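1. Need a 3D model of the sequence below.
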Amino acid sequence: MKYLIITVSLAIICTGLIYFSIGKPKQIEPPLPTKSKEKIGFYHYYSGTLSGGISEMIEEVNKEQTDFEVSARALDHEAFKSMIHTTLDKGNPPELFSYWAGARVQNLVDQKKLAPIDDLWEKENFDKKFSTSVIKAASTYNGSKYLLPIAQFVVMVFYNKTIFEANGLQPPTSWEEFIAVCQKLKKNKITPIALGSRERWPAQFWMDYLLLRTQPIEYRNRLMNGKAKYTDQEVKKVYQIWSELLKEKYFNQNANQLDWAQATQLVCKKDAAMTLMGSWAIQLFEDEKQCSGPVNNFDFFPFPTMDMNLPKVALGPIDGIVLSKNSANHDFAKKTLSYFAKQKPQERLSIGSGALAPSLEVPLSFYSPFKKRMIEEIKSSKYWAFNYDLATPPRVAELGMDSFNELIEFPDQYEKILENVETEAHIIFNEILNNDPK
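-> All right, here's what the predicted structure looks like:
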């Protein structure tokens, strides 16, 4: 019995030795905690038919660094215009948001709702990354830098090549040639011009170019700043010309019921020949689901010359990103902003949106032949102008854009329409002069 106990004991000891010699099962170590990324809020209006390229840009920004993540929120283009003011007034703004350079940024700067980015601008040497003209027109307000440019669009007359070729037409360069094109198209039962003015702003380009092609840009600047009147003969002439185009039925008859994309689709689908629109229309023209027929069946020409003595002016918006003054993560958001100026993010937005990249780091070779021609058109223009609602104070812009819709419905009433605009605009400009920049 004694030997049995010893034998059993030895067996137990040997088993234990074997267990420890093999090694006890390894314990699974808990993973090291990963560094959580800082979230930076970014609101933007690149949504719906205008959504091209922004997701790719944000993806590129988030890929290029590891410390933070841009958390983007897309909002309806029209709703954004009022929503962002409500958000800023409530004191809970996103750190960053997209905005239109020009009078709209100036308005927020005057209300002290944006933070300057001069220190970032100097640190990143942005004077070397953007052209002097873009910096002056789009980024600088009250002597400081506030906006980082991300997209530059240009407004052109886009046309359906099949329609032009079938009717023996060439892109017009003069106003007389343009009217002749419209006359021939109408005679052949084709709507010459598509316009979708339901949201008002697409109609503004007609006001812009008719004024810029008949008057010096200095006069237009005075009108935008309240130093000229909407009842001046110069403005009446513009509305009269536009009125005549409407009465001749060169536009589609339901303009105020369509948006810009629906009007552009009329050109895509050969229901109309031309449309005056920004280069964001390219993303729609190149979409096989939106356009019937070949996607390369469109082209553009600059708005025709009306007075040979006037220098050429190119027109369009410059979009950028601004930093809200009262945001929660202010300093880190400023660091984030620098990534939107880098070459690849700017290229990604350009590819998807139809925009030209403001960054000088984007080489000319990056662009398609089509966009290279647009760049040449800009270079051949002595001046660059922001479209109407970005060139005059927002409250005045609302009056003007209402008048465009009224003119479309009642082209004979243009003088009365202008009298009403001038009465209200005069009050607003006086309030602004007395430091009430609402």
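2. what about stretch 220-236, start to end distance?
-> Stretch 220-236 has an end-to-end distance of 13 Å (Cα to Cα, to the nearest Å).
3. Tell me which stretches of the stretch 51-200 of the chain form helices.
-> For the stretch 51-200 of the chain, the helices defined by DSSP state H, counting those that start in this stretch occupy 54-63, 77-90, 103-110, 118-123, 132-134, 161-166, 175-187.
4. Quick check: which helices or strands does the first one pack against?
-> If you count contacts as 3 or more Cβ pairs under 8 Å, 6 or more residues apart in numbering; DSSP states H and E, helix 54-63 packs onto strand 68-74, helix 343-353. For glycine as for every other residue, the C-beta is placed from the backbone atoms N, C-alpha and C.
5. Quick one: mean pLDDT over that helix.
-> For helix 54-63, mean pLDDT rounds to 92.
6. Check the helices and strands packed on helix 54-63 for me and report the most buried one.
-> Here the criterion is mean neighbour count by mean count of other Cβ atoms under 10 Å, and of those the winner is helix 343-353, at a mean of 22.
7. ok, then the element right after it?
-> Later in the chain than helix 343-353, the nearest helix or strand by DSSP states H and E is helix 369-379.
8. Could you name the helices and strands sitting against whichever helix or strand comes after that next one?
-> Downstream of helix 369-379, the next assigned helix or strand under DSSP H and E is strand 383-385. Helices and strands touching strand 383-385, by 3+ Cβ pairs under 8 Å, 6+ apart, are helix 217-224, strand 313-315.
9. In this structure Q215 contacts D232, no?
-> No. Counting by Cβ atoms under 8 Å, Q215 does not reach D232; the two are 9.4 Å apart.
10. Tell me which of the two has more neighbours.
-> Between Q215 and D232, counted using other Cβ atoms under 10 Å, Q215 has the larger neighbour count: 21 against 16.
11. That one and Y209, how far apart?
-> To Y209, Q215 is 11 Å away according to Cβ to Cβ, to the nearest Å.
12. Equivalent analysis for L88, please.
-> 33 Å.
13. Kindly report the same for T49.
-> 23 Å.
14. what about these two, which has more around it?
-> Y209 (22 against 18).
15. for the more buried one, what are its contacts?
-> Residues in contact with Y209 (Cβ atoms under 8 Å, 6 or more residues apart in numbering) are V155, L276, F303, L315.
16. Just the buried subset of these, please.
-> Burial by neighbour count, 16 or more other Cβ atoms under 10 Å: within the contacts of Y209 this picks out V155, L276, F303, L315.
17. Dump the helices of the stretch 51-200 of the chain into CSV; add mean neighbour count and distance to E398 as well.
-> Formatted as CSV, the helices of the stretch 51-200 of the chain follow (neighbours: other Cβ atoms under 10 Å; distance: least, Cβ to Cβ, whole Å):
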stretch, mean neighbour count, distance to E398
helix 54-63, 19, 26
helix 77-90, 15, 10
helix 103-110, 20, 12
helix 118-123, 14, 31
helix 132-134, 13, 27
helix 161-166, 15, 35
helix 175-187, 17, 30
